[in-house]
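In: Build the 3D model from these lines:
(4 chains)
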There are 2 protein chains.
Amino acid sequence: MAERAGVSQSTVSRALAGSEVITEATRARVLRAAEEIGYFVDERAARLRRGSTGTLAVVVICRPGESAADINPFSYMLLGSVCLAASERGFETLVSFQAREEQFFGHYEERGWADGLVVIGTTTNRAAWDYFRGLEKAERRVVYWGSPFDDLEWVRSDNRAAGRLAVEHLLAQGYRAPCFLGAIDSPQHQFAERYEGYCDAMRAAGLEPCLVPTRDGATREEEGAAAVEAWLDQGGGADAIFAACDAMALGALEALKQRGVAVPGEVGVAGFDDLPAARFAQPTLTTIAPDPAAAGSLLVDALFNAGDDAPLRRVPVSLTVRGSTAR
Amino acid sequence: MAERAGVSQSTVSRALAGSEVITEATRARVLRAAEEIGYFVDERAARLRRGSTGTLAVVVICRPGESAADINPFSYMLLGSVCLAASERGFETLVSFQAREEQFFGHYEERGWADGLVVIGTTTNRAAWDYFRGLEKAERRVVYWGSPFDDLEWVRSDNRAAGRLAVEHLLAQGYRAPCFLGAIDSPQHQFAERYEGYCDAMRAAGLEPCLVPTRDGATREEEGAAAVEAWLDQGGGADAIFAACDAMALGALEALKQRGVAVPGEVGVAGFDDLPAARFAQPTLTTIAPDPAAAGSLLVDALFNAGDDAPLRRVPVSLTVRGSTAR
DNA sequence: CTGAAAGCGCTTACAG
DNA sequence: CTGAAAGCGCTTACAG
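Out: Prediction:
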């Protein structure tokens, strides 16, 4: 390649890297030669020499046994937005889905594969969290979505605001006794935060918070459906449900329909996530939507600004009103 | 590291690479030392020396302006299944989403970033296909999902079988005149294949095929809805619809509901894709489901078996019966 | 079975 | 502004 352009290896490198110091004429000659012989810089060598990788690893934690079709659509959206945000900042993204204990892996930095690691964990997988928490000690660049641990570098939705938004909307629609559907002691910390926001708004309105607890099930939808059935069996009592996530809300909708409870007439339902499915539920599901694009940007920024005084770690949320609360 | 274990660099390399030739005692010593100092092989250097990358690039083609939340859920599933399949075969995956002309990029092999490239394009993006088709000449390892070009190395759903399955199911449910909703002259070749399967089964049953054509719209759902409205305006005539994809079927459902046409009573509706949303549509949507896991495996295998006599390139499909055809 | 040496393809001080 | 030289951290013939 250097021969072809009639210059030295150093000059080729500088010309292609866009160094200021090179004559425009020389650069043009080098670019033409590169075009002619289809030359591209070998990034393995460049990075080995340079020391950095220009790549960011993103790990999506799944439940064991999950296949591509079972993975939470919101995880996919997060993955997409992280890749997009990384790309905007000039980084490539190495992605891997990890479910079983034998395959947990986070040593991308040590191996020279990536400059940092984004871990996306929306589902419960305790073993994975234990593994990744162990890594942290090594003083590396890692940032987490959905971390159950507050001492890790995390980015999350503004869950408290979400809880408040939901309650305020429900009350504005004329519902008088919204309850919260979810598990607040779940390792999924975000649910507890949504519950806190819910409680804030309830108390601000002079109302008593009310919790309809869910229990672990095969899927979030089943958890939601089971909890609603148990609640109805005990006589119900609330006239609206704010579910900790859309999947549970969808399950709740299912259960209410089966029991002949009219939505939104008798009971209003709102969720969180804005899954694609929310738009097609019957009735369509009112939900609090996190901003996936903002999430990707914040995660990538947090990765490289770790240790900052006041890193921006809360992804804004917004209310999407649909049929399930329209009365 | 070599010092620490008291052996040469060569021996460390061989021990860690699992070379047969190394004494178990030596290997143990090396492994212990590696553990102690937290040593990991630098893959940049290893691959530079070895010549390969152990990585596979996957490019998801999007529509310009699409954000992470807008991307087709099926594309995400395909992405997931490709990553999973690659991982099973010991490959890392480098993923990128590409929408605009300036960012098209496929030179992962030349740059030493990947040993091969999987391109996932389910949406219409002519410029992207032109770009990637241009690459092909360079005699490289690329395999395509959703390619409009038959001369590229492709993997697709068994679309003809899908068309047949849909018609056979519709007839078995007592529908007498199923039509096909979609664009058969679309660059999206797969739609035409589904139409062919539809025609095969119609003729086999002694029926005349009938096409309800769609036209490009902002989203597939809008395309489906608009086509159904136009069709109703012209007097309809069919008693069942097999839509070229779920998004269109969902749009059709929407339009039928708005016009007061009962589904599945007056008109049956079936789609293709098995989007998560299909389970939550009202009524729930009968659909032909491709097998995303199989798709990932086939794509990865095709990548490394290119040029084989009879590469397996058709992903099996299956019928998922739901409410929209249940009469 | 293990070690010394070469070299993968770059980038970057160091000279000129 | 450009070139010659060193070296990034590995793997792998080649000896022994």
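In: For the one residue in the stretch 101-250 of chain A that gets nearest to DNA strand D, give me its contacts.
Out: Residue nearest to DNA strand D within the stretch 101-250 of chain A: A:Gly112 (7.2 Å; CB to the nearest atom of the strand). Where C-beta positions appear, they are placed from N, C-alpha and C, glycine not excepted. Contact analysis of A:Gly112 by CB atoms under 8 Å, 6 or more residues apart in numbering or on different chains lists A:47-48, A:53, B:42-45.
In: repeat that for 10 Å
Out: A:44, A:47-48, A:51-53, A:55, B:40-47 (CB atoms under 10 Å, 6 or more residues apart in numbering or on different chains).
In: Now do the contacts for the residue lying closest to A:Arg322 once chain neighbours are set aside.
Out: In space, and not counting its chain neighbours, A:Arg322 is closest to A:Thr284: 3.8 Å by CB to CB, 6 or more residues apart in numbering or on different chains. Applying CB under 10 Å, 6+ apart to A:Thr284 gives the contacts A:253, A:278, A:320-326, B:280, B:282.
In: Show me where chain A dips below the pLDDT cut-off.
Out: Within chain A, the stretches with pLDDT under 70 are A:1-2, A:122-123, A:136-139, A:187-188, A:306-311.
In: what's downstream of whatever helix or strand A:Ala46 lives in, the next helix or strand?
Out: A:Ala46 is located in helix A:43-50, with elements delineated by DSSP states H and E. Downstream of helix A:43-50, the next assigned helix or strand under DSSP H and E is strand A:55-61.
In: Just confirm yes or no for the particular helix or strand that has A:Ile241 in it near chain B.
Out: Assigned by DSSP H and E, A:Ile241 belongs to strand A:240-243. No. Counting by CB under 10 Å from any CB of the partner chain, chain B has no neighbours in strand A:240-243; the shortest distance is 14.3 Å.
In: what helices or strands is that strand leaning on?
Out: If you count contacts as 3 or more CB pairs under 10 Å, 6 or more residues apart in numbering or on different chains; DSSP states H and E, strand A:240-243 packs onto helix A:159-172, strand A:178-182, helix A:189-204, strand A:211-213, helix A:220-233, helix A:246-258, strand A:268-272, strand A:286-290.
In: Chain B: which of these is closest?
Out: For those, the distance to chain B is smallest for helix A:246-258, at 6.3 Å, taking CB to the nearest CB.
In: Keeping just the C-alphas, turn that closest one into PDB.
Out: The C-alpha coordinates for helix A:246-258 follow below in PDB (Å, rounded to 0.1, in the frame of the first residue of the first chain):
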ATOM      1  CA  ASP A 246     -46.900  -3.100  31.100                       C
ATOM      2  CA  ALA A 247     -46.500  -6.900  31.000                       C
ATOM      3  CA  MET A 248     -48.300  -7.100  34.400                       C
ATOM      4  CA  ALA A 249     -50.900  -4.500  33.200                       C
ATOM      5  CA  LEU A 250     -51.600  -6.700  30.200                       C
ATOM      6  CA  GLY A 251     -52.000  -9.700  32.400                       C
ATOM      7  CA  ALA A 252     -54.300  -7.600  34.600                       C
ATOM      8  CA  LEU A 253     -56.400  -6.600  31.600                       C
ATOM      9  CA  GLU A 254     -56.700 -10.300  30.700                       C
ATOM     10  CA  ALA A 255     -57.800 -11.300  34.200                       C
ATOM     11  CA  LEU A 256     -60.300  -8.400  34.500                       C
ATOM     12  CA  LYS A 257     -61.800  -9.300  31.100                       C
ATOM     13  CA  GLN A 258     -62.200 -12.900  32.200                       C
END
